[in-house]
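Visitor: coordinates for the following, if possible.
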Amino acid sequence: MTNHETSLPHQDVLFDPDDSASVDMPRRRTLPAPRRGVRHRLFIVVTMIAIFLFGLAAGGLVTGAVIVRFTRQLIAEPERWTEIVTNRLDRRLDLRPEQREAVEAIVATRMARLRALRIEVYPRVTAEVDAMKAEIEAELDPGQLAAFDQYYDELDRRIRPAPPQPTP
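Guide: Model (predicted):
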């Protein structure tokens, strides 16, 4: 066996199609040893940390989006609050049928009271938010005012809940 045909047990064997001398037997050639330097290890560690941080950020964004969506749904559909709360409690606590009925009645009663409270308080909350906006506008320069109005309108559209409606 010649020197170019030897290989270490952990190295792979490659076929060299340009080698015209070996027709029956592929020529053995050794692969270079893997890099194991400090820079290579540092690169692997930094890459793993970057992948972890990317996953953390993506998971946080998805979780935040789900929470925002669920909260907006609750605010937008107060008539479904009783159903949603009861279903969640039933799933988590495995309520018996009579417990579910009792819990549903309790939640329905309290949700009706909360809705009445929202109807009562909503105009006061809206007035406070509008007063805050007017006070901030008084402090701004004319050039800042247009940007603030645009920002406020966008924010108001996204987060201000619709006025509560009385129970039919």
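
Visitor: gap between the residue most central in space within the chain and Arg88?
Guide: When CA atoms, centre = their mean is applied to the chain, the residue found nearest the centroid is Val62 (1.6 Å). Going from Val62 to Arg88 by CB to CB, to the nearest Å gives 20 Å. No exception for glycine: its C-beta is placed from N, CA and C like everyone else's.

Visitor: now the residue nearest to the centre of the chain: which helix or strand?
Guide: Taking DSSP states H and E as the definition, one finds Val62 inside helix 38-76.

Visitor: just want the angle from the helix or strand hosting Ala127 to helix 38-76.
Guide: Assigned by DSSP H and E, Ala127 belongs to helix 97-139. Taking axes from the mean of the first three to the mean of the last three CA atoms, to 10 degrees, one finds that helix 97-139 is oriented at 100 degrees with respect to helix 38-76.

Visitor: which secondary structure elements does helix 97-139 contact?
Guide: With contacts defined as 3 or more CB pairs under 8 Å, 6 or more residues apart in numbering; DSSP states H and E, helix 97-139 has these neighbours: helix 81-93, helix 142-159.

Visitor: redo those helices as CSV? Include mean pLDDT, distance to Phe70 and mean neighbour count.
Guide: Formatted as CSV, the helices and strands packed on helix 97-139 follow (pLDDT from 0 to 100; distance: least, CB to CB, whole Å; neighbours: other CB atoms under 10 Å):
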stretch, mean pLDDT, distance to Phe70, mean neighbour count
helix 81-93, 91, 9, 14
helix 142-159, 88, 15, 11
